[in-house]
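Q: pasting a predicted model and its sequence here:
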Amino acid sequence: MPTQQTVPLVDLHAQYVLIRPEIDAAIQSVITRSAFIMGPDVREFEARFAEYCTASFAVGVASGTAALELTLRAYGIGAGDEVITSAHTFIATAEAISAVGAHPVFAEIDAQTYTLDPDAVAAVLTPATRAVLPVHIYGQPADMDRLMHMAQVHDLTVIEDAAQAHGALWYGRRVGTLGHAACFSFYPGKNLGAYGDAGAVTTDDARIAEQVSLLRNHGRHSKYLHDIKGFGERIDTLQAAILTAKLRHLEAWTAARRRLAARYTELLADYQSEIVLPFVHANAAPAWHLYVIRTQQRDALLDHLNRSGIGAGIHYPTPLHLQPAYADLGYVRGALPVTEEVADTCLSLPIFPEMTDAQQDSVVAAIRTFLGD
Ligand SMILES: *Cc1c(COP(=O)(O)O)cnc(C)c1O
């Protein structure tokens, strides 16, 4: 019998315990100053995060969803416009498109990286296409070179959904600088997670940074003068202070994820007749938000792992084109065969920077038991 230990999908408490003094000091300093809205902590985080991404600007907002929505608005995308994205993602990607009044168009994903397939994007371009919204799903960068080339030819805006990909590299360049703008989530379980909701937009375009920063804060430059109709979608100041403290650790955490991902791939290499391991593009360094395998016996394996105390999960079981919320778009099963196959077979194994080799060994042991080894 393999040693059985409880392994969660992600362990936020284990991380807090390791950095408690820094987090507590960050929270305390905001409360002591009692500047709870915007202020120097937000500016500090924005400067640090822009620097981390090697982007000219970072604008803190209330969530990853707000980042997507405000970025689309900043580009003036709305009614009558089509935005092409992937259906293999969290629903927020498409909701943001709907929220601004534009029309989401789902294109097929690449069968290896699970990111937008540029040929599939080309196939659904119309005169109404204004933007492409590739998702760096699981922390794997999309094929940004081909998408940016297409954008140049067809005069499109490319907005990266980098909610799962903080620190991922594409040909040595950070996600967040590859498209015209990029949207990050700091939802607690993300690679850089706040202790509540938060998000950011990165861009090299000063006009877009300015527009997002107006939109998030009621369209104002000064307290009671509102240049445009905006929203209340500011990043929370406590969250900004926490994120500045956590950002100092992000490179080490990403390195830990990369080591664990390589170790999974090594330990599971002998089982490739039954499970498909993650593919890594030769010129990408993923951020490994999730380590996702695929198997035809997905539901049975998930059940076995969960009963063995292992917090495996599915990201995501129902692709967006088949969600009840998007029934109005008229897609039917069979419309996106690769996306549907991935949704039916994908399984996320636990991965988080604090995961021990012993925890990882028990995940692998449970998989081996399931496969009858
Ligand atoms: C988490 C996530 C979002 C939304 O971010 P929130 O901060 O939860 O609003 C958007 N897209 C993807 C791919 C995500 O994983």
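A: Sure thing, it's come through. Numbers count the residues shown, from 1 in each chain.

Q: if I look at the closest residue to the ligand within the chain, what pLDDT would I see?
A: Scanning the chain for the residue nearest the ligand gives Gly64, at 2.4 Å (criterion: Cβ to the nearest ligand atom). In this view, the C-beta of every residue, glycine as well, is placed from N, C-alpha and C. At Gly64, the model reports a pLDDT of 98.

Q: shaky segments in this protein?
A: Residues of the chain meeting the criterion pLDDT under 70: 1-5.

Q: which bits of it sit near the ligand?
A: With the criterion set to Cβ under 6 Å from any ligand atom, the chain comes near the ligand through 63-65, 89-90, 92-93, 135, 161, 163-164, 185, 187, 197, 199.

Q: need the residues that contact the longest helix along the chain.
A: Taking DSSP state H as the criterion, the chain has its longest helix at helix 12-33. For helix 12-33, contacts defined as Cβ atoms under 8 Å, 6 or more residues apart in numbering pick out 36, 39, 41, 188-189, 193, 195, 237-238, 241-242, 244-246, 248-249, 352-354.

Q: apply 6 Å and report the result again.
A: Residues from elsewhere that reach helix 12-33, judged by Cβ atoms under 6 Å, 6 or more residues apart in numbering: 41, 188, 237-238, 241-242, 245, 354.

Q: ok, now stretch 81-96?
A: Identification of contacts with stretch 81-96 by Cβ under 6 Å, 6+ apart yields 65, 68-69, 72, 97, 102-107, 109, 114, 116, 121, 124, 128-133, 135, 161, 319-321, 336, 339, 342.

Q: among these, which lie within strands?
A: Using DSSP state E, 103-107, 129-133, 161 are the members of the contacts of stretch 81-96 that sit in strands.

Q: so can I have JSON lines of those showing neighbour count?
A: Formatted as JSON lines, those follow (neighbours: other Cβ atoms under 10 Å):
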{"residue": "His103", "neighbour count": "17"}
{"residue": "Pro104", "neighbour count": "20"}
{"residue": "Val105", "neighbour count": "22"}
{"residue": "Phe106", "neighbour count": "25"}
{"residue": "Ala107", "neighbour count": "22"}
{"residue": "Thr129", "neighbour count": "19"}
{"residue": "Arg130", "neighbour count": "20"}
{"residue": "Ala131", "neighbour count": "23"}
{"residue": "Val132", "neighbour count": "29"}
{"residue": "Leu133", "neighbour count": "29"}
{"residue": "Asp161", "neighbour count": "30"}
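
Q: in a markdown table: those residues, plus distance to Gln297.
A: Shown next, in a markdown table, are the ones in strands among the contacts of stretch 81-96 (distance: Cβ to Cβ, whole Å):
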| residue | distance to Gln297 |
| --- | --- |
| His103 | 37 |
| Pro104 | 32 |
| Val105 | 33 |
| Phe106 | 27 |
| Ala107 | 29 |
| Thr129 | 39 |
| Arg130 | 42 |
| Ala131 | 39 |
| Val132 | 35 |
| Leu133 | 33 |
| Asp161 | 30 |
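
Q: what is the strand or helix carrying Glu266 packed up against?
A: Using DSSP states H and E, Glu266 sits in helix 250-267. Taking 3 or more Cβ pairs under 6 Å, 6 or more residues apart in numbering; DSSP states H and E as the contact definition, helix 250-267 has no neighbouring helices or strands.

Q: 7 Å instead?
A: Judged by 3 or more Cβ pairs under 7 Å, 6 or more residues apart in numbering; DSSP states H and E, helix 250-267 is in contact with helix 357-370.

Q: next, the buried residues of the helix it packs on.
A: For helix 357-370, a neighbour-count test (16 or more other Cβ atoms under 10 Å) marks 359-367, 370 as buried.

Q: same question, stretch 29-43
A: Burial within stretch 29-43, assessed by neighbour count using 16+ other Cβ under 10 Å, is assigned to 30, 38, 41-42.

Q: let's see that stretch as PDB, backbone CA atoms only.
A: Backbone C-alpha positions of stretch 29-43 (Å, rounded to 0.1, in the frame of the first residue of the first chain) are rendered in PDB as follows:
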ATOM      1  CA  SER A  29       1.100  49.300   7.800                       C
ATOM      2  CA  VAL A  30      -2.000  50.100   5.800                       C
ATOM      3  CA  ILE A  31      -4.200  50.100   8.900                       C
ATOM      4  CA  THR A  32      -1.700  52.200  10.800                       C
ATOM      5  CA  ARG A  33      -1.600  54.800   8.000                       C
ATOM      6  CA  SER A  34      -5.400  54.400   7.500                       C
ATOM      7  CA  ALA A  35      -5.200  55.300   3.800                       C
ATOM      8  CA  PHE A  36      -7.600  52.500   2.700                       C
ATOM      9  CA  ILE A  37      -8.400  53.600  -0.900                       C
ATOM     10  CA  MET A  38      -5.700  54.000  -3.600                       C
ATOM     11  CA  GLY A  39      -2.700  55.900  -2.200                       C
ATOM     12  CA  PRO A  40       1.000  55.000  -2.100                       C
ATOM     13  CA  ASP A  41       0.600  51.200  -1.500                       C
ATOM     14  CA  VAL A  42      -1.300  50.900  -4.800                       C
ATOM     15  CA  ARG A  43       1.300  53.000  -6.700                       C
END
